[in-house]
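K.L.:
everything below, folded, please.
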Amino acid sequence: GNGGAIYATGSSTISGNSFTGNTSDGNGGAIYASSALTITNSLLTNNSASGDGGAIYAATNLTLNADNGETIISGNTAGGYNNGIYMNKQNGILNLNATNNGTITIADAITSGQAYTLNLSGDNTSSINILDSHLASSSSSWSDKSVSVTVTGSPNISFEDNEIETYSVKSWSSSDTARY
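P.N.:
Below is the predicted model:
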């Protein structure tokens, strides 16, 4: 089935939890969310799914927060490949918000079957790290392969050793004093 630890059918909020070593023979090694999901200051490591979403399968919008703490996604696999998050909503939104010395680290692929938006936000005491990842949509339609990235606020952002399909980033805009 879906969701190795949690199968969430309504809007859900998870805070201060650790999901390690969960498995699913479907989608969502740790969490399958069919509605909006918000995760704050949590650890999702070494989870696996036979289908999509090694750590998280999001059927709609997903928000990851780090507020005076850490949210880490690392070491997860889906279908035998590195994968932390799978976005499965046309024009879905993945929000990464780090504030008050918070740090978000994603060291797994973020994939989707549809176009999606990646919103990065935070203050100048926070960090968002996307490391050794793959940001892409696997859709066969050219118009559905886009990843639109928006930055607001002034978080410290680190994109290191990532593979971003060159045709997939629609826009990269920022406000305030965002640093890359």
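K.L.:
ok now stretch 74-86, how far from the chain's centre?
P.N.:
Distance of stretch 74-86 from the chain centroid (C-alpha atoms, centre = their mean, to the nearest Å) equals 11 Å.
K.L.:
give me the low-pLDDT residue ranges for this structure?
P.N.:
Within the chain, the stretches with pLDDT under 70 are 132-146, 161-180.
K.L.:
now do the end-to-end distance for stretch 51-63.
P.N.:
Stretch 51-63 has an end-to-end distance of 22 Å (C-alpha to C-alpha, to the nearest Å).
K.L.:
quick check: buried residues in it?
P.N.:
51, 52, 53, 54, 55, 56, 57, 58, 59, 61, 62, 63 (16 or more other C-beta atoms under 10 Å). Using the backbone N, CA and C atoms, a C-beta is placed for each residue, glycine as well.
K.L.:
got a list of what the fifth one touches?
P.N.:
The reference is to residue 55. Applying C-beta atoms under 8 Å, 6 or more residues apart in numbering, we find residue 55 in contact with 19, 28-31, 44-45, 47, 73, 76, 83-85, 108.
K.L.:
and the first one, by the same measure?
P.N.:
With contact taken as C-beta under 8 Å, 6+ apart, residue 51 is in contact with 2, 24, 26, 27, 28, 57, 78, 79.
K.L.:
ok, the second one next?
P.N.:
When contacts are counted by C-beta under 8 Å, 6+ apart, residue 52 touches 27, 28, 78, 79, 83, 86, 88, 111, 113.
K.L.:
A strand includes it, no?
P.N.:
No. Residue 52: not assigned to a strand; according to DSSP: H, G, I helix; E, B strand; the rest coil it is coil.
K.L.:
nearest residue to it in space, please, no chain neighbours.
P.N.:
The shortest distance from residue 52 to any non-neighbouring residue, by C-beta to C-beta, 6 or more residues apart in numbering, is to residue 86 (3.9 Å).
K.L.:
please apply the same query to the fourth one.
P.N.:
Leaving aside its chain neighbours, residue 54 sits nearest to residue 76 (3.2 Å; criterion: C-beta to C-beta, 6+ apart).
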